[in-house]
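> Have a look at this prediction, sequence included:
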Amino acid sequence: MITVEAIRIGNGRVSMVSGVYAFDLVSPKSPLWNHMRTMGAAISEHWLLLRDFNTLFNSSEKIGGSSSLPLDSGDFTQVMMDCALSDLGVARGWFSWSNDQINSKCIRRRLDPAMATTNWVLAFLESKVELLPKGNSDHCPLLVTVSDEGPVRPKLFKYFSIREKHSDFMSMISASWEVRVRGTAMYRFMTKLKRLRADPYIWNKEVFGHINESIVGVKHQLSSLHDSLYAEPSNDALMLEEQESTQRLQILLGHEEILWRQKSRQNWLKDGDFNTKFFYLSIVIRRRNDRIISLKDQNGNLLASEAYINRHMISIFENLLAQESDIDPLLANPFLPNHAQ
C-alpha cells in the first residue's frame, strides 16, 4: 500500500490517498489489514483508498466460477468497520476484473472498490467513481472525480414533524386551511395545498426560527454568561439565566436530532444521545445511492452528463404529454377555477 498526501487547489484541503495492491484471492492478507488499521488510527485528515484488494464483500460482486466467497471476505468487512470506511460505489460499470473468457467459462469480479472515511465522504459530497475500459491490464482503471460543490437545484417541499412541538404550529395550519377559496372542489383543494406549502415556510422563518442558528445563538449567550459569572460568581440572576439557557440548549439539540433523524430515515437508534453526525452521514450515503449519475436511452446509449440526462428525461415526458388523447379537455385541466360556482 502506497499513501500520498493530496492538497486540493483553491481551498487547501488535505487528503490522504492510498493505492492498494493486495495478494491474490488465496494468499493471507493479515499484514495488509493490520497496516490499514494502523493507518486509520494515525490519519486525522480525509482518507481515500483505491484499487486492488483482491477480495469481495458479498456474492453480488461476482458472477461465474466458484459460488463461495473468499475466506478473507469477513476480515475485509471487519477492517472496513474498524477504520470507519464507506464503499463509494460506482457510477459506471460494476465488475472491475474478468478472465476474458466467454459463456460458462466467464468469471467477473469486483476487486477494485473505492473506499473513504466519513470525513472524506462529507467533504466531497458530489464525488463519483467510474470504471474505465480495460487496457493491457486485466483490471479496469478507476476514475474518481472529486467535487465538493454540486449543481443548485430547487428545494422540494418537505414536512418536518419537529415543527409540531411549537405550541402555535397547529393553529397556524388550521388558520391557513380555513381561508375561503372560490372555485371547483379540485381547484379549492389544490389552492389550499399550495398555501400549506408557503405558510409553514414563512412561519418557520418568522416564528419557529432555524434550529442551527438558534443553537449558535444560545451557545454564544452561554459563553457570555460564563464570563459574567466568572466576574460575579454569586449573582443569582446570572445563575438563573445560565440555567434557563442550558435548558433551552438541550431542547434545541433534541430538536436538531429529531430533524436529522427524519431526514436520514433512520428510526432504530435509541433516544438519549445526540447522533446528528450519524444521521447526517446516513443522509449523505442515501442521497449518493439515490443520485442518477448515468442513464441509458432507448437506443442503448449511455448518458453520463447531468445536462444530457436532464434533456433526455424532459423529452420523454414531453413526448408522453404530446400524444393524442380522448380525455375531455375540462377533465384534463381540473385546476382551472369554475366561476359559475
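Here it is on my side, so go on.
> Kindly check the end-to-end length of stretch 139-147 for me.
By CA to CA, to the nearest Å, the extent of stretch 139-147 from end to end equals 25 Å.
> How about stretch 127-140?
19 Å.
> Please apply the same query to stretch 64-73.
By CA to CA, the extent of stretch 64-73 from end to end equals 17 Å.
> who's in contact with it?
25-26, 28-29, 55-59, 104-108 (CB atoms under 8 Å, 6 or more residues apart in numbering). C-beta coordinates here come from the backbone N, C-alpha and C atoms, glycine included.
> Report the mean confidence score over whichever helix or strand Ile314 is part of.
According to DSSP states H and E, Ile314 maps onto helix 306-322. The average pLDDT for helix 306-322 rounds to 82.
> Give the buried residues for it.
Of the residues in helix 306-322, 309, 312 count as buried by neighbour count, 16 or more other CB atoms under 10 Å.
> That helix - contacts with which helices or strands?
Applying 3 or more CB pairs under 8 Å, 6 or more residues apart in numbering; DSSP states H and E, we find helix 306-322 packed against strand 295-296.
> Pairing partners for the next helix-or-strand element following the strand it packs on, with directions?
Counting by DSSP H and E, the next helix or strand C-terminal to strand 295-296 is strand 302-303. With DSSP bridges as the test, strand 302-303 is paired with strand 295-296 (antiparallel).
> Identify the residues contacting the partner strand?
Contacts of strand 295-296 (CB under 8 Å, 6+ apart): 302-303, 309, 312-313.
> Okay, strands next: where are they in the chain?
Here the chain has its strands, by DSSP state E, at 2-7, 14-21, 46-52, 62-63, 85-87, 97-98, 108-109, 115-117, 128-131, 142-145, 295-296, 302-303.
> among the ones you listed, which is nearest Glu213?
With CB to CB as the criterion, Glu213 lies closest to strand 46-52 of the strands of the chain, at 27.2 Å.
> Now that closest one - C-alpha only, PDB.
Extracted C-alpha coordinates of strand 46-52, given in PDB (Å, rounded to 0.1, in the frame of the first residue of the first chain):
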ATOM      1  CA  HIS A  46      -9.600  12.800   4.900                       C
ATOM      2  CA  TRP A  47      -8.600   9.300   3.600                       C
ATOM      3  CA  LEU A  48      -9.400   7.700   0.200                       C
ATOM      4  CA  LEU A  49      -8.300   4.100  -0.600                       C
ATOM      5  CA  LEU A  50      -8.300   2.800  -4.200                       C
ATOM      6  CA  ARG A  51      -7.600  -0.300  -6.300                       C
ATOM      7  CA  ASP A  52      -7.000  -3.900  -6.000                       C
END
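> Show me what the mean pLDDT comes to for it.
So the average pLDDT for strand 46-52 ends up being 88.
> what do you get for stretch 117-127?
Computed over stretch 117-127, the average pLDDT equals 83.
> So which bits of it are buried?
Here stretch 117-127 shows 117-118, 120-121, 123-124, 127 as buried, counting by 16+ other CB under 10 Å.
> Check stretch 77-86 too.
For stretch 77-86, by 16+ other CB under 10 Å, it's 79-80, 83, 85-86.
> cool, and stretch 85-99?
Going by neighbour count (16+ other CB under 10 Å), the buried part of stretch 85-99 is 85-86, 88, 90-91, 95-98.
> Same check on stretch 53-69?
53-57, 61-62, 64, 69.
> And these, which is closest to Glu232?
For the buried residues of stretch 53-69, the residue nearest Glu232 by CB to CB is Phe57; the value is 60.0 Å.
> mind listing the helices for the stretch 51-200 of the chain?
Counting by DSSP state H, counting those that start in this stretch, the stretch 51-200 of the chain has helices at residues 73-82, 118-123, 169-177, 185-203.
> Give me the angle between the first one and strand 46-52.
Between the axes of helix 73-82 and strand 46-52, defined by axes from the mean of the first three to the mean of the last three CA atoms, to 10 degrees, the angle is 160 degrees.
> cool, and the longest one?
Here the directions of helix 185-203 and strand 46-52 differ by 120 degrees (the same axes, to 10 degrees).
> Distance to Tyr201 added to the strands of the chain, as CSV?
Output for the strands of the chain, formatted as CSV (distance: least, CB to CB, whole Å):
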stretch, distance to Tyr201
strand 2-7, 40
strand 14-21, 37
strand 46-52, 35
strand 62-63, 49
strand 85-87, 33
strand 97-98, 50
strand 108-109, 49
strand 115-117, 35
strand 128-131, 32
strand 142-145, 34
strand 295-296, 32
strand 302-303, 34
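> Relative to Asp227, tell me which of these wins on proximity.
With distances scored as CB to CB, the stretch of those nearest to Asp227 is strand 14-21 (34.3 Å).
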